[in-house]
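Undergrad: Provided below are the primary sequence and the corresponding predicted coordinates.
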Amino acid sequence: MGSEGPPVTKIHVTGFTRFHGVAENPTETIVGRLKDYANKQGLPDGATPSSFHVLETAGEGALSTLHALLDSDLPSNAGTGTEFLSDSGSVERIIWLHLGVNSGASKFAVECRALNEATFRCPDEKGWQPQRTPIVPEDGGISHAIETTLPTKEIVQALVKKGYDVVLSDDAGRFVCNYVYYHSLRYAAKHGIKSLFVHVPLFTKVDEETQMQFITSVLEVLASI
């Protein structure tokens, strides 16, 4: 596929609505502002997101929406490779960037994996509160993990060089963030796309403008790797 030129990176971004204990989810605000903000920043090719979506903070309740979104930009010939021809004939790679909030954090966190466990510390927005439940039973027990195929260490290093307080994390929690990430990573492995989850703090810990700058920097890094 080398004759078609460099691949086009298409990045899709999701956030979440409010949930128990978090009346205003910063990721909903970030996703709502990101299109205009990215355009004003004049991001390089591939770094401007292709779509923006806010998911309900619910496990099973968000699944149909999540899978519909994941399917929405998947070329008909997608397989298990990392690049493929789009329906228009260009070489593409697709990245889904999921944003969630960690209300107890003061730093950004790039999540390298998701665990096959749903143990919700509080009911989700549909009232569901599973405990030590496998997200996908056929994948095995709750200790089973799926890792992103993106180079998370390099991503974190690049963001640190840009001056951000960001860490690499191997624990995305057991709430809806981890639940969505697990399904997204599972889908990505099957269809040859890529998925990444990034946790952000509350705006009371890191202000909104800094968070907008951080997410646009994440987009730039993803487009360059």
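TA: Looks like it came in fine.
Undergrad: Now do the strand ranked longest in the chain: which elements does it pack against?
TA: The residue-count maximum for a strand in the chain (DSSP state E) belongs to strand 91-101. Judged by 3 or more C-beta pairs under 8 Å, 6 or more residues apart in numbering; DSSP states H and E, the packing partners of strand 91-101 are strand 8-16, helix 26-41, strand 84-85, helix 176-191, strand 194-200, helix 208-224. (C-beta placed from N, C-alpha, C; glycine too.)
Undergrad: partner strands of that strand, parallel or antiparallel?
TA: If you go by DSSP bridges, strand 91-101 pairs up with strand 8-16 (parallel), strand 84-85 (antiparallel), strand 194-200 (parallel).
Undergrad: Find the one among the ones you listed with the highest mean neighbour count.
TA: Highest mean neighbour count among the strands paired with strand 91-101 (mean count of other C-beta atoms under 10 Å): strand 194-200, with a mean of 24.
Undergrad: Now do it: everything it contacts.
TA: For strand 194-200, contacts defined as C-beta atoms under 8 Å, 6 or more residues apart in numbering pick out 26-27, 30, 82, 93-102, 105, 108-111, 114, 148-150, 152, 155, 169, 172, 177, 180-181, 184-185, 187-188, 206, 211, 214-215, 218, 222.
Undergrad: and that strand with helix 208-224, angle?
TA: 160 degrees (axes from the mean of the first three to the mean of the last three C-alpha atoms, to 10 degrees).
Undergrad: Would you quantify the distance from Glu60 to Arg121?
TA: In this view, Glu60 and Arg121 are 17 Å apart by C-beta to C-beta, to the nearest Å.
Undergrad: With Thr152 instead?
TA: 25 Å.
Undergrad: Looking at these two, which one has more neighbours?
TA: Higher neighbour count among Thr152 and Arg121: Thr152, with 18 against 11, using other C-beta atoms under 10 Å.
Undergrad: Not counting its neighbours along the chain, what's nearest the more buried one?
TA: On the basis of C-beta to C-beta, 6 or more residues apart in numbering, the spatially nearest residue to Thr152 that is not a chain neighbour turns out to be Cys112, at 4.4 Å.
Undergrad: so what secondary structure elements neighbour the host helix or strand of Val167?
TA: Using DSSP states H and E, Val167 maps to strand 166-169. Applying 3+ C-beta pairs under 8 Å, 6+ apart, one finds that strand 166-169 makes contact with strand 108-111, helix 152-161.
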